[in-house]
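> Predicted model, plus sequence, below.
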Amino acid sequence: MATTDDSLYPIAVLIDELRNEDVQLRLNSIKKLSTIAVALGIERTRNELIPFLTDTVDDEDEVLWALAEQLGVFLSLVGGPEYAHCLLPPLESLATVEETVVREKAVESLVAVAEQHSQSDCETHFVPLVKRLSQGDWFTSRASACGLYTIAYKLSSSSVQGELRQHFRALCSDDTPMVRRAAASRLGQFAKVMTLDCVKTEIVPLFSHLASDDQDSVRLLAVESAAPIAELLSESEVESLVMPVVRMAITDKSWRVRYMIADKFAEMQRSVSADTNRTELVPSFSSLLKDQEAEVRAAACQKLKLFCTNLPEATREAAILEQILPCVEGLVSDTNQHVKTALASVVMGLAPLVGKDHTLEHLLPLFLTQLRDECPEVRLNIISNLDSVSKVIGISQLSQSLLPAIVELAEDQKWRVRLAIIEYMPLLANQLGVDFFNDKFNPLCMAWLADNVYAVREAAAANLRRLVEAFGSEWAKEHLIPKVLAMSQDPNYLHRLTTLFCINVLAGVVTADIVNTSIATALNQLAGDSVANVRFNVAKTVTLISATLGREVVDQSIRPALQQLATDSDVDVKFYAQEALSAVA
């Protein structure tokens, strides 16, 4: 008996913690529920622990959320699917609480538990739960019920399914907007488990009803269901049953509804005929691109490439050139930077759709404008997608058109513009290849190292590391290291300092052979520099790259140079030389 009491002692402690005033202790105890359940055994868990938990649904939100999560994976601890209904009472209580995130987690766990029910158990235990929640006095229970209809309907017989449709229909007309919102958000999901006849006779009328609700928060969620419902219908049925709602949403007085339809517009294309795509969807999408609200225009821009790709191939090019491009031309100079950024992220994807000639005539001027945009995200998005254009028009054509604009920005009088372009160089390197980079951009990268603004020189040095990571050490040995080390002989001490900054970032990505020959030689030369600032930066560089220096080169040249610096007349030089000697010891 004593042994049994001893084994249950930690369980008693954990249950006491569930009643403790300290929220963190209660939370920790909830997270250990599986431990309690295993120790109690299946029968005592069902008969004692679950009823106890049902009575504790009056706690802080984070504790209740953790409880809802735990109960969703508790099935094996109460005896498996045969006893799944034992978990329903505490979850039903959690589905009625005020905090939304707790209710959502409770619904998620209820669905997981319900999936393990047989049809008879579902109709005996789960369907009555759904009905109770649907008829609850508080809107919280009715809102939670909306998320349970799909699984309940799926597992029920046809007679019970008829009752469930009736209850769901009542929720769609509930007096509380929050309940109608919940019903609207589940409409498309619910439709997928119904027969086609039920979708046409039950779901479509509910869809139309919710899409014309006086609350825009309900309408936008109903509109979100348009695509999933349309996927279940034939093209002619979509035209007669769904498209009227879509047309209404495109001109809705609320920008949030128009935003939602813009975001989901491309998904509708799969369910309509080629003729409807051409005559209805293209003009409608064009109107969304010209919407008075920036958020709607941005949402439409993000779907631009996908929408154009989904257009019927026979009429795609004409639709893009005649109706879409005029809107895009206006958006390039939009007053809202989020719209321009969204457009820049996808607009280059139009090039493969319209071909080489139309890209050169219509799209390239837009790309040039975007490359010069004051917003850095716009420039970055254009540069990030140069490869899609080069595949269409060829690298030589690209170099004649877009690259002069990039070079112009790289030499801009405003140092912040030059700084911004430096950050894009590794990206351009990957997009355009090593040969093209050596020819067009390598000279620019070296020129930045001698820029009259320190921030530009610093960024240019950091840029070299990313270039070596892209092209490899052999490329660095042939095209980069000789030019960088040549700066160590420059009359301007700032340029000699830049050589050291470059060594700091390159030593970790080039081969040991380069470090112990070319770089070590340059360090020795600079150790005798006439400017103290250069000499103590030599010592700092040795400290930074000491792990990459070979023992032989340290003993033969680096340490003697540092020992000489340790006796320097400048106090800073001596200090950093001592630090460097300690690093290479």
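Yes, it's here. Residues are numbered from 1 along each chain as shown.
> Please enumerate the helices of the stretch 351-500 of the chain.
351-358, 364-371, 376-384, 386-393, 395-410, 415-432, 434-440, 442-448, 454-471, 473-475, 481-486, 493-506 (DSSP state H, counting those that start in this stretch).
> For this protein, give me the ranges with low pLDDT.
1-15, 57 (pLDDT under 70).
> Please list all residues in contact with the nearest residue to N336 once chain neighbours are set aside.
With sequence-adjacent residues excluded and distances taken as C-beta to C-beta, 6 or more residues apart in numbering, N336 is closest to A294, at 3.9 Å. Backbone N, C-alpha and C define where each C-beta goes, glycine included. Contacts of A294 were listed using C-beta atoms under 8 Å, 6 or more residues apart in numbering, and they are D334, T335, N336, H338, V339.
> What count of nearby residues applies to the first one?
Which is D334. Neighbour count for D334, taken as other C-beta atoms under 10 Å: 17.
> separation between it and E295?
12 Å (C-beta to C-beta, to the nearest Å).
> again with the second one
In this structure, T335 lies at 13 Å from E295, with C-beta to C-beta as the measure.
> what's around P365, how many residues?
P365, neighbours per other C-beta under 10 Å, totals 13.
> Also the one 3 residues further on?
Residues within reach of L368, counting by other C-beta under 10 Å, total 16.
> my guess is it contacts S401, does it?
Yes: under the criterion of C-beta atoms under 8 Å, L368 makes contact with S401 at 7.3 Å.
> how far away is T335 from C375?
11 Å.
> same question but for V407, I mixed them up
20 Å.
> Over to A266?
25 Å.
> Looking at those two, which one has more neighbours?
Using other C-beta under 10 Å, the more surrounded residue of A266 and C375 is A266, with 22 against 14.
> what helices or strands is the helix or strand harbouring that one leaning on?
Assessed by DSSP states H and E, A266 sits inside helix 255-268. Contacts defined by 3 or more C-beta pairs under 8 Å, 6 or more residues apart in numbering; DSSP states H and E place helix 255-268 against helix 216-224, helix 226-230, helix 243-250, helix 282-289, helix 294-302, helix 304-310.
> got the angle between that helix and helix 282-289?
140 degrees (axes from the mean of the first three to the mean of the last three C-alpha atoms, to 10 degrees).
> So what touches helix 255-268?
216-217, 219-221, 223-224, 226-227, 230, 242, 246, 249-252, 281, 284-285, 288, 291-293, 295-296, 299-300, 302-303, 306-307, 310.
> what are the phi and psi values for Y83?
Per-residue torsions, Y83: phi -110, psi 20 (degrees, to the nearest 10).
> burial of the closest residue to it other than its chain neighbours, as a residue count?
Distances taken as C-beta to C-beta, 6+ apart place R46 nearest to Y83, at 6.2 Å, with adjacent residues excluded. Residues within reach of R46, counting by other C-beta under 10 Å, total 18.
> Then the one 4 residues further on?
Taking other C-beta under 10 Å as the neighbour definition, I50 ends up with a count of 21.
> Now do it against S76, distance only.
From I50 to S76 the distance is 14 Å (C-beta to C-beta).
> Over to I558?
The value you get for I558 to S76, if C-beta to C-beta is used, is 65 Å.
> Those two - which one has more neighbours?
Shown here are I558 and S76; by other C-beta under 10 Å, I558 has more neighbours (24 against 12).
> Go ahead and confirm the more buried one touches N524.
Yes: contact status for I558 versus N524: in contact at 7.4 Å, counting by C-beta under 8 Å.
> about what we covered before: quick one: name whatever helix or strand follows the helix holding A266.
Following helix 255-268 in sequence, per DSSP H and E, is helix 274-276.
> now what about that following helix, what contacts it?
Taking C-beta under 8 Å, 6+ apart as the rule, helix 274-276 contacts E235, V238, E239, M243, P312, A314, T315.
> These into JSON lines, with extra columns for distance to V179 and secondary structure?
Below are those laid out as JSON lines (distance: C-beta to C-beta, whole Å; DSSP: H, G, I helix; E, B strand; the rest coil):
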{"residue": "E235", "distance to V179": "33", "secondary structure": "helix"}
{"residue": "V238", "distance to V179": "28", "secondary structure": "helix"}
{"residue": "E239", "distance to V179": "31", "secondary structure": "helix"}
{"residue": "M243", "distance to V179": "28", "secondary structure": "helix"}
{"residue": "P312", "distance to V179": "41", "secondary structure": "coil"}
{"residue": "A314", "distance to V179": "46", "secondary structure": "helix"}
{"residue": "T315", "distance to V179": "44", "secondary structure": "helix"}
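> could these go into JSON lines alongside distance to V101?
Output for the contacts of helix 274-276, formatted as JSON lines (distance: C-beta to C-beta, whole Å):
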{"residue": "E235", "distance to V101": "40"}
{"residue": "V238", "distance to V101": "36"}
{"residue": "E239", "distance to V101": "40"}
{"residue": "M243", "distance to V101": "36"}
{"residue": "P312", "distance to V101": "44"}
{"residue": "A314", "distance to V101": "49"}
{"residue": "T315", "distance to V101": "47"}
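> Out of those, which end up buried?
V238, E239, M243, T315 (16 or more other C-beta atoms under 10 Å).
> Tell me how far Q116 lies from N28.
28 Å.
> OK, contacts around the residue lying closest to F501 once chain neighbours are set aside?
Leaving aside its sequence neighbours, F501 sits nearest to A461 (C-beta to C-beta, 6+ apart; 4.3 Å). Taking C-beta under 8 Å, 6+ apart, we find A461 in contact with L449, T498, F501, C502, N504, V505.
> wait, what's in contact with E317?
L353, V354, G355, H358.
> swap that for L526, sorry
So L526 contacts S488, R496, T499, L500, V534, R535, V538 (C-beta under 8 Å, 6+ apart).
> Tell me how many other residues crowd V257.
V257: 25 neighbours (other C-beta under 10 Å).
> likewise A450?
15.
> now the residue lying closest to it once chain neighbours are set aside: how far from E280?
Leaving aside its sequence neighbours, A450 sits nearest to H495 (C-beta to C-beta, 6+ apart; 5.5 Å). According to C-beta to C-beta, H495 stands 64 Å off from E280.
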